[in-house]
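[1] Sequence plus predicted model, see below.
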Amino acid sequence: GVGQRVRDEDVQLDLAAGEFRFRFDLPGEPIEIAYSYPYPPSMASELLYELAQYPGVEVSYPGNSAGGRSLPYLVMRCTNPHKQPEIVWLLSREHAGEVSGAYTLDGFLRAAVTSSLREHVEIHAIPMVDLDAVTEGRYGKVAPPVDHHVAWCADTPRPEIRLAMELMEDSVSGGK
């Protein structure tokens, strides 16, 4: 369905009780309530599909999450064949509930694909690092066995981080 914001006058914050209260009329069908603007995996898939239509944009699924989901990976190649591009890496959703990062990444990639920036840089992106928590509706902060954002080490237990580190290494070494 279509998302709809609750009107400001229908939201009440009760600090003493530690509660938000929302007032709205219930429709005759089931509803879903989101704490923040949703950005589900389907939106990332649509973005990647749209971007893959441009020359020099590659979308692949080089590995899986801990839950076995295929992790999307995007590369926007430099458009100047005579230039040694700078490598730019973008990640979002290390914490699944941090939706603003997904919207920021989305907007940046949409702008970059037709930008002169591509004459100087090669862009690599993993749009949803904690894809399992995003898909399952979990926030993903302090997720066992170790939080994604602190799992950046050689012996990381996170397959998503291990994959990102391998892809980063390949991107700067030319895939060698």
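    Here it is on my side, so go on.

[2] Report how many residues lie close to the closest residue to P127 other than its chain neighbours.
    Closest residue in space to P127, ignoring its immediate chain neighbours: A44 at 4.5 Å, by C-beta to C-beta, 6 or more residues apart in numbering. C-beta coordinates here come from the backbone N, C-alpha and C atoms, glycine included. Per other C-beta atoms under 10 Å, the neighbour tally for A44 reads 23.

[3] Assign A44 to helix, strand or coil.
    helix (DSSP: H, G, I helix; E, B strand; the rest coil).

[4] got the contact list for it?
    Counting by C-beta atoms under 8 Å, 6 or more residues apart in numbering, A44 makes contact with P72, A102, D106, P127, M128.

[5] separation between H95 and A102?
    The gap separating H95 from A102 is 11 Å, by C-beta to C-beta, to the nearest Å.

[6] which regions of the protein lie under the pLDDT threshold?
    Counting by pLDDT under 70, the ranges of the chain that qualify are 1-3, 35-36, 175-176.

[7] Let me know the outermost residue of it.
    A16 (34.7 Å; C-alpha atoms, centre = their mean).

[8] ok, now which ones touch it?
    Here A16 is in contact with no residue (C-beta under 8 Å, 6+ apart).

[9] So what does it look like in phi/psi?
    Main-chain dihedrals, A16, degrees, to the nearest 10: phi -60, psi -40.

[10] cool, and D132?
    Residue torsions, per degrees, to the nearest 10, at D132 are phi -60, psi -50.

[11] what do you get for D8?
    phi -50, psi -40.

[12] same deal with L91?
    phi -130, psi 150.

[13] ok, and for stretch 161-173, which residues are buried?
    I161, R162, L163, A164, M165, L167, S171 (16 or more other C-beta atoms under 10 Å).

[14] what do you get for stretch 104-120?
    L105, D106, F108, L109, A112, V113, L117, R118.
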